[in-house]
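Asks: Fold the following.
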Amino acid sequence: MQPSHPVNASSEAGQAQTDLRAQLAASENVLCVVPVDLNRQLRFSRSLLALTDRRLLTNDPETGQWASWPLRKNDPPGALSALSLRHFDHAGVGTLELHDSSARLASWRFTLAANVQALRLLRLFEQQTAARGNAGTGDETALCPLCDALLPPDSDDCPACARELHTAPSTWVLLRLWRFARPYRGQLLAGFGLTLASTAATLVPPYLTIPLIDDILIPFQNGQQIESWKVLAILGALLAAALVGWALNWARTYLLALVSERIGADLRTATFDHLLELSLDYFGGKRTGDLMARIGSETDRINVFLSLHALDFATDVLMILMTAVILFSINPWLALVTLLPLPFIAWMIHTVRDRLRTGFEKIDRVWSEVTNVLADTIPGIRVVKAFAQEKREAQRFRDANRHNLLVNDKLNKVWSLFTPTVSLLTEIGLLVVWAFGIWLVSKQQITVGVLTAFIAYIGRFYTRLDSMSRIVSVTQKAAAGAKRIFDILDHVSNVPEPAHPVKMAALQGRIEMSGLGFRYGNRAVIRGLDLVIQPGEMIGLVGHSGSGKSTLVNLICRFYDATDGSISVDGTDIRRFSVADYRRHIGLVLQEPFLFFGTVAENIAYGKPGASRAGIVAAARAAHAHEFILRLPQGYDSLVGERGQSLSGGERQRISIARALLIDPRILILDEATSSVDTETEKEIQKALDNLVQGRTTIAIAHRLSTLRKADRLVVMDRGQVVEVGPHDALMARQGAYWRLYEAQARQVDGEGNADAEEGRIALATSQVAHTVQHTGSL
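Replies: Residues are numbered from 1 along each chain as shown. Here you go, the predicted model:
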């Protein structure tokens with residue numbers, strides 16, 4: 001496949017979407033758009049496949065002409081459409097085919113990057129054709145700022161970007177945090193008692209203003225003498241109340257901050273532990289940046305809510321209740337006037353709460369797109385710079401950041417109106433209390449001291465009421481974050497632990513697959529596979545790309561569980577073993593070895609953290625890695641850098657082999673262990689592999705068939721099935737699928753050799769001509 005010029009990609013996509021808008025009829029709604037990036041010859045191209053509430057549209061990337069197929073022609077009411085849309089994918093290429101009752105009308109091919117949009121279009125197509133649609137009436141379309149896909153009408157959510165269904169979060173999800181707070185219930189109870197006591201202490205000073213005004217200040221204005229002992233007693237009581245309130249507030253804040261930090265730490269730990277227990281299937285549908293945001297920023301947000309705002313909320317509730325009791329005890333009619341704004345504020349909180357909750361969850365999802373760009377770009381910075389794509393990645397980040405800004409602006413419109421409105425209502429309530437209080441004083445029903453104390457209490461009352469309304473925003477943020485955390489914690493692994501695991505004795509390494517089948521969604525990858533591997537036998541898996549080799553290895557490692565049939569090791573179904581115990585007996589050497597940031601010794605001992613230095617060195621010697629490790633600045637204590645970037649590919653592979661050797665596995669998996677290195681490095685790695693496979697059941701995958709000549713048997717796979725089994729010589733004599741693969745690869749190698757030789761002859765002739773010209777010139 002020949003890639004198109006990258007500079008024109010975005011402009012072509014934008015032009016296609018502009019043309020699509022021009023094709024739409026009045027009140028025709030676009031439901032879904034799929035970017036079709038392959039043409040009929042499987043070369044990269046740019047076109048669109050769009051589904052509306054009336055028809056299916058597509059454009060030809062070469063001619064620019066548009067074609068469409070109505071979803072419903074003149075079929076009678078209640079009849080199903082004759083059109084059908086079929087989806088399948090193979091070897092990384094997806095296909096959509098449009099059929100009627102007699103023939104195939106059209107087909108579109110695309111890379112699996114567009115597979116999510118294609119599956120959604122298929123689902124919407126089936127809904128439209130089956131239900132005969134209740135179409136909308138809007139005629140405006142909008143583009144997603146992240147992927148340039150057309151958004152559904154009256155929606156800001158891009159189905160292509162939101163890869164999972166999001167249910168609206170509920171504030172009640174915060175109650176689920178009690179499972180993490182339960183171990184600290186004693187400290188929480190003490191904190192509640194301190195909150196109650198500190199709130200009571202803060203309510204004492206306004207009450208003391210009544211005797212201060214009525215018994216001291218007003219009599220003094222009327223000519224009476226001030227009794228000093230009364231003044232000192234009241235002022236002393238005010239000072240004591242302030243000091244007691246300060247001490248109780250400090251103790252409460254410190255205690256509950258400690259508790260909330262521990263709850264947050266436990267939440268992060270539990271989420272990460274559960275994440276590690278999930279199968280690879282879960283990680284295949286998630287972005288790294290999104291998961292990092294959930295465990296990092298979401299738990300921090302919940303932690304801040306628990307340590308600060310939940311405490312403030314509890315204080316506000318207690319203050320309002322206790323203040324209301326005091327107000328009614330002083331004057332019930334004036335207290336009723338004080339409560340007038342409450343129904344309006346409660347109605348506003350109820351109205352705004354749902355918008356805030358869904359809005360904050362949407363902000364979280366959009367923010368995860370920003371972190372996804374970072375998670376993609378920073379680890380792949382070498383590729384970015386190698387292809388000079390800095391501007392492209394910067395534009396991706398700007399687009400994601402702009403989308404985040406737009407979503408925040410939309411939510412801020414609601415929040416900016418809500419908060420001042422609550423403040424306005426409380427101010428109006430205070431004015432009403434002043435007016436009614438002055439009238440009561442004029443009628444001599446209350447004293448000035450009582451009115452002053454009332455106003456002081458009302459100030460606290462309305463301040464707490466305003467504070468509670470502001471906490472609504474923080475609460476909804478925490479609820480949205482908690483929902484995203486519990487989305488992880490509630491996810492059940494597709495590779496569950498057995499209820500009563502079988503203890504593993506000394507493993508021999510006999511592997512038996514019986515009627516094995518596995519599906520990715522609706523796509524069957526392994527079908528009816530039967531194979532027995534004897535202990536200590538080396539098996540080579542060969543076949544075209546997409547034939548199921550890597551999937552079979554993943555099933556043996558139990559990264560996934562088979563959907564049909566079973567895999568047994570030493571006569572026991574591997575699903576009956578504890579996952580961790582079973583995998584400790586498996587050594588895995590991948591095509592692209594992954595090294596963690598740390599020292600060489602730490603990476604070799606990753607599967608056996610307690611290994612001695614002598615054991616680490618012995619494993620490195622067996623892997624032919626000891627010599628180059630000693631040449632490093634700090635030897636075995638040298639840092640390998642992020643993902644081992646300070647080492648060459650061959651050096652990383654040999655450390656990976658040493659890592660597998662150290663755990664002494666009974667089953668060894670070699671997945672293209674030498675495919676990405678040069679010939680000399682391959683020889684070194686092959687020597688290390690020869691030491692590694694001795695006495696172990698080995699399953700090796702290799703595209704270079706020559707590297708599998710030492711295998712006891714070769715297993716040839718095609719479309720998820722075993723088509724041939726046998727040693728190399730027998731399979732070559734049979735002249736079947738393996739012989740065709742081997743001959744095709746041999747011709748390719750010969751062709752490359754001839755091309756290299758031809759290039760060498762041309763280079764030699766060129767140098768001779770240049771030498772002759774130079775010599776002639778000198779004469």
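Asks: List phi and psi for Gly481.
Replies: Phi and psi for Gly481, reported as degrees, to the nearest 10, are phi -70, psi -40.
Asks: Just to check, it is in contact with Ala293?
Replies: No: using C-beta atoms under 8 Å, Gly481 makes no contact with Ala293, being 9.7 Å away. All C-beta atoms are positioned from the backbone trio N, CA, C, and that covers glycine.
Asks: Compare the two (neighbour count), which wins?
Replies: Using other C-beta atoms under 10 Å as the criterion, Gly481 and Ala293 rank with Gly481 on top: 27 against 22.
Asks: What residues sit buried inside stretch 319-335?
Replies: Met319, Ile320, Met322, Thr323, Ala324, Ile326, Leu327, Ile330, Asn331, Leu334, Ala335 (16 or more other C-beta atoms under 10 Å).
Asks: List of residues touching that stretch?
Replies: With C-beta atoms under 8 Å, 6 or more residues apart in numbering as the test, stretch 319-335 has contacts from 199-200, 202-203, 207, 338-339, 433, 436-437, 440, 445-446, 450, 453-454, 457-458, 460-461, 464-465, 468.
Asks: Now with 7 Å, please.
Replies: The contact list for stretch 319-335 (C-beta atoms under 7 Å, 6 or more residues apart in numbering) reads 199-200, 203, 338, 433, 436-437, 440, 446, 450, 453-454, 457, 460-461, 464-465.
Asks: which among those residues end up buried?
Replies: 199-200, 203, 338, 433, 436-437, 440, 446, 450, 453-454, 457, 460-461, 464-465.
Asks: Which of those fall within helices?
Replies: Among these, the members falling in helices (DSSP state H) are 199-200, 338, 433, 436-437, 440, 450, 453-454, 457, 460-461, 464-465.
Asks: ok, the residues you listed vs Tyr606, which is closest?
Replies: Among those, Thr199 lies closest to Tyr606 (C-beta to C-beta), at 53.5 Å.
Asks: residue contacts, Leu639?
Replies: Gly598, Thr599 are the contacts of Leu639 under C-beta under 7 Å, 6+ apart.
Asks: Tell me what it is bridged to.
Replies: Under DSSP bridges, the beta-bridge partners of Leu639 are Thr599.
Asks: In space, what's closest to Thr288 - neighbours in sequence excluded?
Replies: Nearest residue to Thr288, sequence neighbours excluded (C-beta to C-beta, 6 or more residues apart in numbering): Ala375, at 4.2 Å.
Asks: how many other residues sit next to that neighbour?
Replies: 18.
Asks: doesn't Lys286 make contact with it?
Replies: No: in this structure Ala375 lies outside contact range of Lys286 using C-beta atoms under 7 Å: 11.0 Å.
Asks: Specify the local secondary structure of the residue of the chain positioned farthest from its centre.
Replies: Distance to the chain centre peaks in the chain at Gly223, reaching 76.3 Å (criterion: C-alpha atoms, centre = their mean). Following DSSP: H, G, I helix; E, B strand; the rest coil, the label given to Gly223 is coil.
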